[in-house]
Each structure stands twice: as C-alpha cells, then as structure tokens.
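>>> Kindly return the folded structure for what I paste below:
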Amino acid sequence: MTTSDDTKVLVIGLDSFDPVLAQTWMDEGKLPHLAALMTASVTGRVQNPHGLEAASVWSSFSYGADPGVHGMADGSRDRGKVLAGKDCAGAPVVRPLWSILEDAGRRSIVIEVPVVPDGAAPTGIRVVNWFSHLPPEGSSRLALTTHPPELRDIIARDYAGDPLDGRMCDFHQPRTAAEQGWFRDALILRVRTKTALAIDLMHREPWDFFLVVFEDSHCAAHHSAHLVAPSGEDARIAAQIGNPLQTLYMAMDEAVGALVREAGGEATVLVFMSHGIEPAHTGLRLLDRILAKLNGELDEARNDTLTRARDAWRALPAPLWRILRPLHSAIKQPLYGDGFLPASAGRKCHEVYTGERGSGIRINLAGRDPHGVIQPGAEYDAFCEWLIGEIGSVRNDGTGEKLAREIIRIRDHYTGPMSDTLPDLLVTWNRHAPIPSVSSPSIGRIRHPHPSIRTGDHSPDGFFLLAGPGFTPRRLNEDVPVIDLAPSLTALFGVRSAAFQGHALEQLAPVR
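Numbers count the residues shown, from 1 in each chain. Okay, here's the model as predicted:
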C-alpha cells in the first residue's frame, strides 16, 4: 500500500456508546450523521480484552497491545499495583499510536483519551483531563493539562467550564426528574463545548492524525440507562423529561457530523464505539467478603457494623450526603468509599477492582508480593483451582442461579512484562438480576454490603465505522481485536512499529 504526505486520519471515540441502541435510533432517523457514515463505511464488531473489557479498552486501543503488555487495567492502579510494588500506570512499556506517528514526523492532535499516559514528552497537541468520565487516580476533581501549556489558558478563557464541576458522574447520582434533566443538559453542553474546541484546533493547527474521545455517553450509561425502557417510577420520570440517553446520543451524532464535515472529504474517518450498556447488577465488593469467609479471615462482627453504617450513610438524602461528604472523607474507615476489606499482609487473597461487570482476585504470592503467603508452583495452582471451585458453587439467593458466569485464570489469556500486575483470577458476574445476598455450603449466607450506585454498566464489546478514500462499504463477518486498530491506523501513513502487539489488518486498509 502506498501513502502520501497529505494523508489525514480523524478518529472519533464514543465511549460506552451502545451499538445496539445506536443502530435502533439510526433506523428511526434520530442519528442521521452516523447513519449516513454507516452506509459509506467498513463496519464491524470490536473484540475488547477478555474479562477486562471496560477496564482496559482505551489503553489497549491506544497502545495496540493487551493488558499483559501495557498493564493498564483498573485493578493494577490500586491494591494489586501496591502489592506488586510496581507503578505500571506511570511507566507503560509501550507508547500510544499518536506518539509513534509523531516519531515518524506526523503531526497529531489528541483530545481526552481515557487513562492513557503518553509515556514520553509529547510533541503534538494534547488536551487531558477535560470533560472526562473520572479524575485521575488519587484526585477528587479533574485538573486540565495541555501541551503546549499555554493552550490551557486559552481553553479556560474561550470555552465553558465543566458543568459537572470536574467531578465523576457517580458523585452527582441524578435520580429525580429535575436531576436527570440537569444531568442530560450538562452532558450535552460538554459535548458541544468539546466539539467547538476540536473544530477550532482543526483549523488553527496543522495535523495529520486527530483523535477526540467523548466520554459523556459513559456517564449517561451509568446513570440514565434505566430510562431507556422505564417502568414504575422511572416511567413517570421519563414521561416528564423523555429519554435522556437518546437525547444525548442525538447531540453526539451532531458532533460526529460536524467533525467529519470540518475534517474534509479526503480524510479517513474512524468512529469507535468502545463498548455497550447492560444492567449494573454486580458482585463487586461482595467478592471480598466471600474470599475472606472462605479463608477464615472475615471479622463478621466488625463487617456487620460497617455494613449497617454504610447502609445508613447510603440512606441519607442526596443533598445531605453532599454536605457531609467532606466530613466523611476524613473518617479513617469510610462508610462510602471503595468498600473493600482491608488488604492486610496476612490475607491469602483479596478482591481488586476491574470494573463492575466482573472483579479480579489477587493472590498474595510469595516472591512476587511483598508479604506473600501462597507459594508459587503446586500450592498456587491448587489454591487457584480451589478458589474457582468454591466461587463457582456460590449462588445468588435472589434467583438461585450461580453468582459467577465465568471464572478465568489471567495467565490463560495474557502474558507479557506487566502480567504480574494484573489479578490472578477474573470473575464475571451473572448479572441479569440483582444480587441481594449469596450462599454456598462453605460460606453460609453473606449479604451484599455495597450494591452498585449505578443503574447501568458496560457490556463487553464495541463497534467501529471506517470510511474514506479507497474504502468499500461492507460489514465484516469476523470480530476485529481492539489491539489491531492502532497498527491498522498507523499503517495508513505507512508507519509500522514493533511496539505493537496487534497487527495491521488487510480488511482495514484502503484499495489504492
């Protein structure tokens, strides 16, 4: 394949933008710009990293590698990382595709790719922590950073501030009709403001590669998805304000249309819908109690006291909760925080966060973790098999069905220099119904102390639309691994890198 110096590629990321809902609303004429792009595109489903889909989709997309190589999966930035003694988030072993393009002399503009460090000083335009889904680890609010630094002052001067006050959407928890209406309007304002900045930069700065990610659909997926097909009180709210998620998707469709138009007809365009939406029922944080009970490490009296205190905290009216949050944050044992049990040095294993669709289990392994108690080799293998069997026997008391839909060993799916920072096991929940409590012969009954505060969560796989000069519209029958997108995009410029674990795909190449 030959390339020219005037190659331009525009990537539009729609984070947690459900492909099924999008297709329905395209068919109904509510998303005309995406519908028109669909008819001109190579399209197909994207296969995200198994078991770590939402947790690592954007890092795997950007680095062209899976979590075993880049180490960026949510569990690796909290206790799993601490026990491993590695800060994998601060030192990725690969560089994102835009940095690789810059090394080859291409000019890039990148606006807000979730949780993807550059790994080196950037040479292109960067806008980071602006209208994101969540602040960086350890921060309570977003803090905009840019390259060059003076761009930050321009954005602060010329563009609207964050209507969500730079806070994660979980902080706001919109529930009433008025709160949902405010939340919807705030997200739409974020979309329009980010679009205006993107178009401004398109015309002010030279570029070959332009990437902008809208995370507003991610926020709405967590807190407005229940109003798509509402019942009961939700139906009454929807009758007052309509379908907030659909209205937001329509605003994002307008953004796609505007960006594609401004990029020009000669640009190649990739729209990536990172993953979809499903119910938020989860065994998150419940798993930690199961593990502690299985290993005789659960202080039930203390746990019951904390559970009652957390229940009382969660029952407070939202306005009072917000007023008291600064006081609560100063409490040594928070009533509303990560909700996990203490990861003491003597525990054999504990739960680590990888999202709400599933949870990780980190085994305290001798020789790897600072206070390892499980020996590698036969003892480790036997312990893993025992855990898989015991967790596999736990049932949801609400339905009588198994709690876990799938339990996998991480080493069966991921290898690489950062694989030791990942959980040892991944548990995916059987989540079509609430999980009030669970039981098994070994653990008795354990009540879920910390159900999700979200009404919607993520389904595993994504979808893409790829259009431009030389592309013949068609639907691919086979799924495209997300790690193959980055090398396929850099190949459009004739740039290839041994740093990618994925491969450039012929079906994603234009015919010249």
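
>>> quick one, longest helix in the chain?
Assignment by DSSP state H gives helix 177-204 as the longest helix of the chain.

>>> ranges for the helices of the stretch 151-300 of the chain?
Shown for the stretch 151-300 of the chain, the helices assigned by DSSP state H, counting those that start in this stretch span residues 169-172, 177-204, 216-223, 233-241, 244-263, 286-294, 300-314.

>>> So which of the ones you listed is nearest residue 158?
When the helices of the stretch 151-300 of the chain are compared by CB to CB, helix 177-204 sits nearest residue 158, at 8.0 Å. The way it works is simple: take the backbone N, C-alpha and C, and place the C-beta from them, glycine included.

>>> The helix or strand residue 438 falls within pairs with which strands?
Under the assignment given by DSSP states H and E, the secondary-structure element containing residue 438 is strand 437-440. The strands that strand 437-440 pairs with in its sheet are strand 395-396 (antiparallel), strand 444-447 (antiparallel) (by DSSP bridges).

>>> Highest mean neighbour count out of those strands?
Across those, the average number of neighbours (mean count of other CB atoms under 10 Å) peaks for strand 395-396, which reaches a mean of 20.

>>> and that one, what's its mean pLDDT?
For strand 395-396, the per-residue pLDDT values average out at 98.

>>> got a list of contacts for it?
Residues outside strand 395-396 that contact it (CB atoms under 8 Å, 6 or more residues apart in numbering) are 401, 402, 403, 430, 433, 435, 436, 438, 439, 440.

>>> Could you check how far residue 228 is from residue 238?
As defined by CB to CB, to the nearest Å, residue 228 lies at a distance of 9 Å from residue 238.

>>> Could you check which of the two has the larger neighbour count?
The residue with more neighbours, out of residue 228 and residue 238 and counting by other CB atoms under 10 Å, is residue 238; that gives 20 against 17.

>>> close enough to count as contact, that one and residue 232?
No - with contact taken as CB atoms under 8 Å, residue 238 and residue 232 are classed as non-touching, separated by 10.6 Å.

>>> For the strand holding residue 438, list every residue counted as buried.
Within strand 437-440, the residues scored as buried using 16 or more other CB atoms under 10 Å are 438, 439, 440.

>>> do stretch 26-41 as well
Of the residues in stretch 26-41, those buried by neighbour count under the rule 16+ other CB under 10 Å are 26, 30, 31, 33, 34, 35, 36, 37, 38, 40, 41.

>>> which one of those is nearest residue 192?
Relative to residue 192, the closest of the buried residues of stretch 26-41 is residue 33; by CB to CB it sits at 14.4 Å.

>>> hmm, back to that, reformat the buried residues of stretch 26-41 into a markdown table and put pLDDT and distance to residue 160 next to each item.
Listed next are those as a markdown table, based on pLDDT from 0 to 100; distance: CB to CB, whole Å:
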| residue | pLDDT | distance to residue 160 |
| --- | --- | --- |
| 26 | 98 | 29 |
| 30 | 98 | 25 |
| 31 | 98 | 24 |
| 33 | 98 | 23 |
| 34 | 98 | 25 |
| 35 | 98 | 29 |
| 36 | 98 | 29 |
| 37 | 98 | 27 |
| 38 | 97 | 31 |
| 40 | 97 | 33 |
| 41 | 98 | 32 |
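
>>> Among those residues, name the ones in helices.
Among the buried residues of stretch 26-41, the members falling in helices are 26, 33, 34, 35, 36, 37, 38 (criterion: DSSP H).

>>> What is the neighbour count of the residue nearest to residue 135 when sequence neighbours are not counted?
Nearest residue to residue 135, sequence neighbours excluded (CB to CB, 6 or more residues apart in numbering): residue 142, at 5.0 Å. Look at residue 142: counted by other CB under 10 Å, it has 22 neighbours.

>>> Residue 142 is in contact with residue 127, isn't it?
No - when contacts are counted by CB under 8 Å, residue 142 is not listed as touching residue 127 (11.5 Å).

>>> if we can go back for a sec, do you know which of the strands paired with strand 437-440 lies nearest residue 479?
It is, among those and with distance given as CB to CB, strand 395-396, at 29.8 Å.

>>> returning to what we had before: nearest approach to residue 426 belongs to which of the strands paired with strand 437-440?
Go through the strands paired with strand 437-440 one by one with CB to CB and the one that ends up closest to residue 426 is strand 395-396, at 18.6 Å.

>>> From the centroid of this protein, which residue is nearest?
When the chain is reduced to its mean C-alpha position, the nearest residue by CA atoms, centre = their mean turns out to be residue 54, at 3.9 Å.

>>> element containing residue 361?
Assigned by DSSP H and E, residue 361 belongs to strand 358-363.

>>> Paired strands for that strand, with orientation please.
Using DSSP bridges, the strands paired with strand 358-363 in its sheet are strand 349-353 (antiparallel), strand 425-429 (antiparallel).

>>> how big is the angle separating that strand from helix 286-294?
Orientation of strand 358-363 against helix 286-294 (axes from the mean of the first three to the mean of the last three CA atoms, to 10 degrees) gives an angle of 40 degrees.

>>> Turn the strands paired with strand 437-440 into a markdown table, including distance to residue 375.
Listed next are the strands paired with strand 437-440 as a markdown table, based on distance: least, CB to CB, whole Å:
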| stretch | distance to residue 375 |
| --- | --- |
| strand 395-396 | 31 |
| strand 444-447 | 28 |
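
>>> remind me which residues of the chain are low pLDDT?
Under the criterion of pLDDT under 70, the regions of the chain flagged as low confidence span 1-4, 75-93, 119, 137-139, 299-311, 313-319, 321-322, 324-339, 343-344, 512.

>>> Sounds good, over and out.
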